[in-house]
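1. Here is a sequence with its predicted model. Questions after.
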Amino acid sequence: STGLLTRGSRVRTPSDPPCSSPFFGGEFGLIPGSNTNYLMLTLICQCSHAQSRRLTRMGKDTWISDILAGEYDGQEVELKGWIYRSRGSNKIRFIVVRDSTGNIQCVAKREALGDDFFDELKSSLIESSVILKGIVEPTDREHGHELQVLSGEVVGSVNPERPFPITESAMAEADGGETEFLLDNRHLYLRTSRMTTMLKIRSSVFGAVHSYFRDRQFIEYQAPNFVAGAVEGGSTLFEVPYFGRKAYLTQSWQLYAEAAMPALERLYTIAPSFRAEKSRTRRHLTEFWHAEMEIAWASNNEVMKHGEGLVRHIASTLLDERSEELSSLGRDLNLISQYADNPYPIIRYDEAIETLQSKGVEVEWGQDLDYSKEKILTADFEVPHFLTHYPRIAKPFYHRPDPEDPKYVLCHDLLAPEGYGEIIGGGERTWSEAEILERIDEEGTPRDPYEFYIDTRRYGGVPHGGFGMGVDRVCTWLSGAEHIREVIPFPRDSRRVTP
């Protein structure tokens, strides 16, 4: 305490003005005549200023991607990151450091650093965090730039008794195989270059959804996750206890969006949805991210135009923002351009049934089409295509029957090519009170949980529609991933709820 008080300052006295610290945001109240209070104030002020300096010092201004772009050639920089790889001798070490933007080789020499720091660097294991200061040098070698290290520190060392667990040998020896091993260590697997790439692509997809809708004056709107009834069928509802009553995790934002539709007219969301599906296909999750929209005064065709527009905008955004990441995954950028630039064809359900039957697939009219059938249909298209006019018996009560042929409903699915299948489901809503009551009753669904939904029709119902897009499925398709769990940080399916 004495050192802090006397280093460049004096003890405050009652004659001094009140101490004001920007770190704490205002003046402190004082008790007149109390020297103890002034001593404490001095300590508080100086500690707060020291903390401010510490926070500034720990900021980060230099990113590896900028170094690799040539912005710091010949300059001294301070690089902060994690050790990705290290090799060398007792005199020189070649340390590859990574940050969120890339990797760079750092050359550390004993004669330049001295024995203590060189030995500390030499013994630092993969994923140790470091701060390295040095000169950026362009090089003709593959990596293009190097950092000649002059000084630095190891910030967070890795215990040699517990080295970073994700290694080729560990994956090969894991009891559950490589996939389960990486899922068990997902919190660390996020640091790998492939997962980092997927997360960047995912971020751009989310950003593209927001920009598409906001550029068209849609209002972002939130709905509850605890609900009283189903949207997509009771068999996939997650039931949860709710203060002595039953409640469920939401399957979709849709019913609550329709309630707000007369107020906002154009609205959208990106939010989690939940389906208690035991499916273990490459495209199913129990918790997934759902981009949904609802629009007043719109037909099924107008809703489809927005679905196509959104997907094409996402593909275009990825080409603009993530071409390098897509290429690193081996993705053909010409394919992504094709998805961004070309119109999406439309076929009716009846045509799809005929196509499947002609290929020897056992399917009956009136059945919903599962993934195995969608996959076959996508083989005939080079871009996503719409599948419209499902039979009335195959779709929930909120789909509006086609006035020209009421055995069909005005709905659509958008199927992604390359065997990925459905990424969007939507349509025109049943919008009159008489129609919605008829549809609810013919399904045998109780009315009580949906009274608020029926009210939307009782008080000035209008034609409207919307869709839901599986964001994770879109990320999977556009990145070329084999499985949906590759593109979400912590996937949840019927077998996994950790980490």
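-> Received the coordinates, thanks. Numbering: from 1, shown residues only.
2. how about the strands of the stretch 1-150 of the chain, start to end?
-> Assigned by DSSP state E, counting those that start in this stretch, the strands in the stretch 1-150 of the chain fall at 20-21, 26-27, 76-88, 92-99, 102-109, 129-138, 145-156.
3. of all those, which lies closest to residue 348?
-> strand 102-109 (48.4 Å; CB to CB). In short, each C-beta sits where N, CA and C put it, glycine included.
4. Report the mean confidence score over that closest one.
-> Taken as a whole, strand 102-109 has an average pLDDT of 97.
5. which secondary structure elements does whichever strand or helix holds residue 240 contact?
-> Per DSSP states H and E: residue 240 is located in strand 238-242. Contact analysis of strand 238-242 by 3 or more CB pairs under 8 Å, 6 or more residues apart in numbering; DSSP states H and E lists strand 245-249 as its packing neighbours.
6. And the contacts of the strand it packs on?
-> For strand 245-249, the surrounding residues in contact (CB atoms under 8 Å, 6 or more residues apart in numbering) are 225-230, 237-241, 274.
7. Pull out the buried residues from it.
-> Neighbour counts using 16 or more other CB atoms under 10 Å place 247-249 of strand 245-249 among the buried residues.
8. what's the burial count for the residue nearest to residue 192 when sequence neighbours are not counted?
-> In space, and not counting its chain neighbours, residue 192 is closest to residue 166: 7.0 Å by CB to CB, 6 or more residues apart in numbering. Other residues lying near residue 166 total 16 when counted by other CB atoms under 10 Å.
9. again with residue 297
-> Around residue 297 there are 12 residues (other CB under 10 Å).
10. same question, residue 285
-> With other CB under 10 Å as criterion, residue 285 counts 23.
11. now residue 241
-> Residue 241: 8 neighbours (other CB under 10 Å).
12. Quick one: residues contacting it.
-> With contact taken as CB under 8 Å, 6+ apart, residue 241 is in contact with residue 247.
13. is it in a bridge, and if so with what?
-> residue 246 (DSSP bridges).
14. and the gap between it and residue 82?
-> Distance of residue 241 to residue 82, computed by CB to CB, to the nearest Å: 43 Å.
15. mind showing which ranges of the stretch 201-350 of the chain have poor pLDDT?
-> Counting by pLDDT under 70, the stretch 201-350 of the chain shows low-confidence ranges at 232-234.
16. How about the stretch 51-200 of the chain?
-> Looking at the stretch 51-200 of the chain by pLDDT under 70, you get 51-57.
17. List the contacts of residue 253.
-> 223, 269, 271, 273, 290, 292, 468.
18. Grab the nearest non-local neighbour of the fifth one.
-> Right, residue 290. Residue 290 sits nearest to residue 273 (CB to CB, 6+ apart), 4.2 Å away.
19. Look up phi and psi at the one you found.
-> phi -130, psi 160 (degrees, to the nearest 10).
20. How many residues are close by it?
-> Residue 273 has 22 nearby residues by other CB under 10 Å.
21. from what I can see it touches residue 286, true?
-> No: counting by CB atoms under 8 Å, residue 273 does not reach residue 286; the two are 9.8 Å apart.
22. Show me what stretch 188-206 is in contact with.
-> With CB under 8 Å, 6+ apart as the criterion, stretch 188-206 contacts 82, 98, 100, 103, 127, 164-166, 182, 270, 289, 314, 317-318, 321-322, 325-326, 328-329, 471, 474-475, 478-479, 481, 486-489.
23. Can you turn the buried part of the residues you listed into a PyMOL selection?
-> Applying 16+ other CB under 10 Å to the contacts of stretch 188-206 leaves a buried subset, and the PyMOL line that selects it is:
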select buried, resi 82+98+103+127+164+166+182+270+289+314+317+318+321+322+325+326+471+474+475+478+479+481+486+487+488
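24. check contacts around residue 134.
-> Applying CB under 8 Å, 6+ apart, one finds that residue 134 lies in contact with 76-77, 79, 106, 147-152.
25. so where do the strands sit in the stretch 151-300 of the chain?
-> 219-220, 226-227, 238-242, 245-249, 266-274, 287-296.
26. Deepest in the core, which of these is it.
-> Of all those, strand 287-296 has the most neighbours on average by mean count of other CB atoms under 10 Å, namely a mean of 22.
27. So residue 457 sits against residue 432, correct?
-> Yes: shown here, residue 457 and residue 432 form a contact pair, counting by CB under 8 Å, at 5.8 Å.
28. which of the two has more neighbours?
-> residue 457 (19 against 14).
29. That one in helix, strand or coil?
-> helix (DSSP: H, G, I helix; E, B strand; the rest coil).
30. next one: phi and psi at the residue lying closest to it once chain neighbours are set aside?
-> Among residues not flanking residue 457 along the chain, residue 433 sits closest, at 4.2 Å (CB to CB, 6+ apart). The phi/psi pair for residue 433 (degrees, to the nearest 10) reads phi -60, psi -40.
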